[in-house]
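In: sequence first, then the predicted structure:
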Amino acid sequence: MKYEKFTVAGGRRWRWHFRADNGRIISMSRETYVTENACDYSTALSKSSAGAPVSRL
């Protein structure tokens, strides 16, 4: 599995998605980011939430 980041909007914005080994996208950024650093921060938050509890609503 791996995170992939890429530009959209003519290279002016950044997004990411998390791809499984079978090529399917498991998760993706809901928003776009103005800077690559902001996109990197978002992936870091996603990575750090692996141990977060799941609540049934």
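Out: Happy to help now that I have it.
In: the nearest residue to residue 28 once chain neighbours are set aside and residue 36, how far apart?
Out: Leaving aside its chain neighbours, residue 28 sits nearest to residue 17 (3.9 Å; criterion: Cβ to Cβ, 6 or more residues apart in numbering). Glycine gets a C-beta too; all of them are placed from N, C-alpha and C. Distance, residue 17 to residue 36, using Cβ to Cβ, to the nearest Å: 15 Å.
In: so for those two, which residue has more residues nearby?
Out: Between residue 17 and residue 36, residue 17 has the larger neighbour count (other Cβ atoms under 10 Å), namely 15 against 11.
In: residue 17: which element?
Out: In this assignment (DSSP states H and E), residue 17 forms part of strand 13-19.
In: distance of residue 36 from residue 28?
Out: Distance from residue 36 to residue 28, by Cβ to Cβ: 16 Å.
In: ok, now residue 1?
Out: Residue 1 is 13 Å from residue 28, by Cβ to Cβ.
In: residues shared between the contacts of the two?
Out: residue 18 (Cβ atoms under 8 Å, 6 or more residues apart in numbering).
In: hang on, residue 47 in a strand?
Out: No - counting by DSSP: H, G, I helix; E, B strand; the rest coil, residue 47 is not part of a strand but helix.
In: how about the spatially closest residue to residue 7 that is not a sequence neighbour, what does it touch?
Out: Closest residue in space to residue 7, ignoring its immediate chain neighbours: residue 14 at 5.9 Å, by Cβ to Cβ, 6+ apart. Counting by Cβ under 8 Å, 6+ apart, residue 14 touches 5-8, 32-36, 38-39.
In: hmm, try it at 10 Å
Out: The neighbours of residue 14, taking Cβ atoms under 10 Å, 6 or more residues apart in numbering as the test, are 5-8, 29, 31-40, 42.
In: no further queries at this time; thank you.
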